[in-house]
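Chemist: My questions concern the predicted model and sequence given below.
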Amino acid sequence: MSLQIHIATLSSPAGVLVRDLQVEIAPGAVHTLMGPSGCGKSSVLAAVCGTLEPGMQWSGTVHLHGQRMENLPVQTRKVGILFQDDLLFAHMTVRENLLFAVPAGPAATRESAVQQALQDVEMQEFANADPARLSGGQRARVALARALVARPQALLLDEPFSKLDAALRERMRALVFGLVRSRGIPALLVTHDAADVAAPDLLTRLGDL
């Protein structure tokens, strides 16, 4: 099943940012939004996950696996999001950061999910590490693991590679796209970098709408 987004209008107090955006993202696909700063790219993601800032307004619909979700509470939408900044909890170990995101259930099942997530991003040896002692790339991988361990049904990517150096950016891009494909998660990526585009036919330029 897919993630279907129709934004009739998305406005800030200064005026309309986005008009008539329609995107359908298949399971395992990464659709990219590009456009100049301030055109509403990140606000589209916020509309989808229900975290638009006060003063922002939008009209339209969002369907995930056939269910309308624009009026659902944020915590029930089952949408994960990965930002430029890793936003790891400084007072928790890597393992505790991931455990925080695991859905409720038996302790052994939750612990197993954490270990699998660490293995997926090749960070299992850092389970008890202090996030502050990790490199930028390692922190980015932990943030990705935390987003995925919550078992999201869709993933929003808000320029998650922008603060990484070129070589690390390429590796993280391959890791994220690979996990999205293998798990069959529809993903929407906001970026300024054309190298982040997964496929030319999965690209929308907001400035062109």
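Modeler: Received it, and whenever you're ready, just let me know what you need.

Chemist: for the helix or strand harbouring residue 81, packing partners?
Modeler: Per DSSP states H and E: residue 81 is located in strand 79-82. The contact analysis (3 or more C-beta pairs under 8 Å, 6 or more residues apart in numbering; DSSP states H and E) places strand 79-82 against helix 41-49, helix 136-149, strand 154-158. Bear in mind the C-beta positions are built from the backbone N, C-alpha and C, glycine included.

Chemist: of all those, which lies closest to residue 83?
Modeler: Of all the helices and strands packed on strand 79-82, it is strand 154-158 that lies closest to residue 83, at 5.0 Å by C-beta to C-beta.

Chemist: in its sheet, what does that closest one sit against?
Modeler: Counting by DSSP bridges, the strands paired with strand 154-158 are strand 79-82 (parallel), strand 187-190 (parallel).

Chemist: could you dump the ones you listed to TSV with distance to residue 200, mean neighbour count and mean pLDDT?
Modeler: As requested, the strands paired with strand 154-158 are arranged in TSV below (distance: least, C-beta to C-beta, whole Å; neighbours: other C-beta atoms under 10 Å; pLDDT from 0 to 100):
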stretch	distance to residue 200	mean neighbour count	mean pLDDT
strand 79-82	23	23	93
strand 187-190	14	26	96
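
Chemist: Adding distance to residue 131, write these out as a markdown table.
Modeler: Below are these laid out as a markdown table (distance: least, C-beta to C-beta, whole Å):
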| stretch | distance to residue 131 |
| --- | --- |
| strand 79-82 | 15 |
| strand 187-190 | 24 |
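
Chemist: which one of those lies closest to residue 118?
Modeler: Proximity to residue 118 (C-beta to C-beta) singles out strand 79-82 among the strands paired with strand 154-158, at 16.4 Å.

Chemist: For that closest one, C-alpha coordinates in CSV please.
Modeler: Provided in CSV are the C-alpha atoms of strand 79-82 (Å, rounded to 0.1, in the frame of the first residue of the first chain):
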residue,chain,number,x,y,z
VAL,A,79,4.9,8.0,10.4
GLY,A,80,8.6,8.2,11.2
ILE,A,81,10.7,11.3,10.6
LEU,A,82,14.5,11.8,10.2
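
Chemist: Quick one: residues in contact with the next helix-or-strand element following that strand.
Modeler: Remark: after strand 79-82, the chain's next helix or strand is helix 94-101, criterion DSSP H and E. If you take C-beta atoms under 8 Å, 6 or more residues apart in numbering as the criterion, helix 94-101 is touched by 88-89, 92, 110-111, 114, 117-118, 123, 126-129, 131, 134, 142, 145-147, 149-150.

Chemist: now stretch 125-142
Modeler: Stretch 125-142 has contacts (C-beta under 8 Å, 6+ apart) with 86, 88-90, 92-95, 97-98, 114-115, 118, 121-123, 160, 163-164, 168, 171-172, 175.

Chemist: hang on, the earlier thing: what's the most buried one of the helices and strands packed on strand 79-82?
Modeler: strand 154-158 (a mean of 24; mean count of other C-beta atoms under 10 Å).
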